[in-house]
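# Here is the input, now give the coordinates:
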Amino acid sequence: MEKRTPLYQRHVDLGGKMVEFGGYQMPVQYPTGVIAEHMAVRTKAGLFDVSHMAELTVAGPDAVANLQRLLTADISKMTEGQVKYAMLCNDRGGIVDDLVVCRMKEGRYLLVVNAGNHEKDAQWVGSHLSGDVLFSDDSEKTGQLALQGPRAEAILRRLCADSAVPQKYYTFVEDGEVDLGGRKIPALISRTGYTGEHGYELYCRAGDVAALWDALLQAGAADGLIPCGLGARDTLRLEAGMPLYGHEMNDDISPKEAGLPCKLDGKDFIGRAAIIARGAPQIKRMGFKVVGRGIVREHSDVFAKTGEKVGWVSSGTHCPYIGAGCGMCYLPPALAVVGTVLEADVRGRRLEIELTALPFYKAQ
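This next block holds a predicted model:
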């Protein structure tokens, strides 16, 4: 049965086009449309409901030892208020999921994982814990919003004290408060996001998230803040060269093949030996732009000019801000050279694509 976030009725009232995603009914876009929502985030600000994401907490004296074994990232020297990007790997070296880990107070660690992998991740983490450690799945009682764009900070500061606004990328304030007009609610405020823009992700009690949504939209109205759906979230992350589980990552692709941070010369973790045993990666993730007009979608085959199939497209769309058809693909490393021109098969028609460095867009 499909779930609904606490903001479901808000989305419906705003004219959101609802679709199933990660087991939830979520807005793919509002009447403004994906392009307008995308451009709002790049030039002003956008607000996303990301309450479908899952939050897992690991705590206790043996929390660090367990997470060191589970995660690709070294979390042993993380300080309170720090965020790291990491992956869970399986015994074959494939990616179970990617996530962010937050170092909380009192030796607690918050893992924020993808909605579509919620149950899989909770089972994977829970089944690999040992010793004096506490594990909880706090997803259903947590609401999460993403306020993204160049005006996000100014909007947030209208509702928060300066001390509640994290200054550095990949840091957070655990005991933040947001003023909803006479009533203050507790919120974890993190300077993170999935759009490539300056922005924040706010975590609060599920019962408070609707009021927080309303307050942010009201506070940002003069700055052009608008609600945004999954469509813009996808075009924004692709334009920023950010991978998506099920596209650039899966249970077979290793972090090294995906070009994601994964040190193999440090501490041990599940999957490390398998990644080393694979040897030098035989595939490499690359960006591309369509030469001329057209859009290349995921699962399209990629061909060399000689006609030989050499790879596949993992994600592809039209990127509104840069005004081009862009995507990511997997190729043999020898072919993964910026400037190389290949062809992608789009329903029987070949489109030329030129390999480019990632990201396509980077905020100033």
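# and the residue nearest to N117 when sequence neighbours are not counted, what element?
Nearest residue to N117 in three dimensions, chain neighbours excluded: D97, at 4.4 Å (C-beta to C-beta, 6 or more residues apart in numbering). In short, each C-beta sits where N, CA and C put it, glycine included. Element membership for D97, per DSSP states H and E: strand 95-103.
# which helices and strands does that strand pack with?
strand 83-89, strand 109-113, helix 118-127 (3 or more C-beta pairs under 8 Å, 6 or more residues apart in numbering; DSSP states H and E).
# With respect to T57, which of the ones you listed lies nearest?
Across the helices and strands packed on strand 95-103, T57 has its closest neighbour in strand 109-113 (5.7 Å, C-beta to C-beta).
# for this protein, which strand is longest?
strand 309-319 (DSSP state E).
# Show residues contacting that one.
Here strand 309-319 makes contact (C-beta atoms under 8 Å, 6 or more residues apart in numbering) with 234-235, 238-239, 244, 247-248, 283, 285, 295-304, 324-332, 335, 342, 344, 360-361.
# So in that sheet, which strands flank whichever helix or strand comes after that strand, and in what orientation?
Per DSSP H and E, the first helix or strand lying C-terminal to strand 309-319 is strand 324-331. Applying DSSP bridges, strand 324-331 is found paired with strand 284-290 (antiparallel), strand 309-319 (antiparallel).
# I'd like the mean pLDDT over strand 324-331, please.
For strand 324-331, the mean pLDDT works out to 98.
# so who does the residue nearest to T79 when sequence neighbours are not counted touch?
Of all residues not flanking T79 in the chain, R103 sits nearest, at 6.3 Å (C-beta to C-beta, 6+ apart). If a contact means C-beta under 8 Å, 6+ apart, then R103 has I75, M78, T79, E80, G81, Q82, V83, Y109 as its contacts.
# Which stretches in the stretch 101-250 of the chain count as strands?
109-113, 134-137, 142-148, 172-179, 184-190, 199-205, 226-228 (DSSP state E, counting those that start in this stretch).
# Among those strands, which comes closest to M1?
strand 134-137 (18.0 Å).
# Give the rounded mean pLDDT of that closest one.
98.
# from here on, count from 24
New numbering, starting at 24: the last item is strand 157-160.
# helices or strands next to that strand in the packing?
So strand 157-160, by 3+ C-beta pairs under 8 Å, 6+ apart, packs with strand 77-82, helix 141-150.
# Name the residues of that strand that are buried.
F158, D160 (16 or more other C-beta atoms under 10 Å).
# Wait, C125 touches A109, no?
No - the criterion here is C-beta atoms under 8 Å, and C125 misses it with A109 at 10.9 Å.
# quick one on the thing from earlier: in TSV, list the strands of the stretch 124-273 of the chain along with distance to V313.
TSV is the format used below for those (distance: least, C-beta to C-beta, whole Å):
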stretch	distance to V313
strand 132-136	33
strand 157-160	42
strand 165-171	26
strand 195-202	38
strand 207-213	35
strand 222-228	28
strand 249-251	25
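# so how many other residues sit close to R65?
By the criterion of other C-beta atoms under 10 Å, R65 has 22 neighbours.
# Quick check: closest non-adjacent residue to it.
Y344 (4.7 Å).
# That neighbour and G362: what is the separation?
Look at Y344 and G362: by C-beta to C-beta, to the nearest Å, they are 22 Å apart.
# Tell me which of these two has more neighbours.
Y344 (18 against 8).
# List only buried entries from the contacts of strand 332-342.
Using 16+ other C-beta under 10 Å, the buried ones in the contacts of strand 332-342 are 257-258, 261-262, 267, 270-271, 306, 308, 318-319, 321, 323, 325-327, 347-354, 365, 367, 383-384.
# what packs against the host helix or strand of V325?
Using DSSP H and E, V325 sits in strand 324-326. With contacts taken as 3+ C-beta pairs under 8 Å, 6+ apart, strand 324-326 sits against strand 332-342, strand 364-369.
# So what's the gap between it and the chain middle?
Centroid separation between strand 324-326 and its chain, computed with C-alpha atoms, centre = their mean, to the nearest Å, is 27 Å.
# tell me, what residue is most central in the protein?
With distances taken as C-alpha atoms, centre = their mean, Y217 lies nearest the centre of the chain, 4.6 Å away.
# surely it meets R260?
Yes - in this structure, Y217 is within contact of R260 by C-beta under 8 Å, at 5.1 Å.
# ok, back up a step: contacts only, for the residue nearest to N140.
M110, L111, V136, N137, N140, K143, D144, Y268, M272.
# what does the model give the closest residue to M62 other than its chain neighbours for pLDDT?
With C-beta to C-beta, 6+ apart as the criterion, M62 has its nearest non-adjacent residue at 5.9 Å, and that residue is P343. Predicted confidence (pLDDT) for P343: 97.
# distance of P343 from V57?
Distance from P343 to V57, by C-beta to C-beta: 8 Å.
# Can you pick out the residue with more neighbours from those two?
V57 (23 against 18).
# Name the nearest residue to that one, sequence neighbours excluded.
Nearest to V57 is G254, by C-beta to C-beta, 6+ apart, at 3.9 Å.
# State the next helix or strand along the chain beyond whichever strand or helix holds V51.
Element membership for V51, per DSSP H and E: strand 47-52. Going down the chain from strand 47-52, the next helix or strand is helix 57-66, by DSSP H and E.
# quick check: angle from that next one to strand 222-228?
Angle, helix 57-66 to strand 222-228, by axes from the mean of the first three to the mean of the last three C-alpha atoms, to 10 degrees: 100 degrees.
# orientation of helix 57-66 relative to strand 47-52 in degrees?
80 degrees.
# buried ones in helix 57-66?
Buried residues in helix 57-66 (16+ other C-beta under 10 Å): V57, A59, E60, H61, M62, A63, V64, R65.
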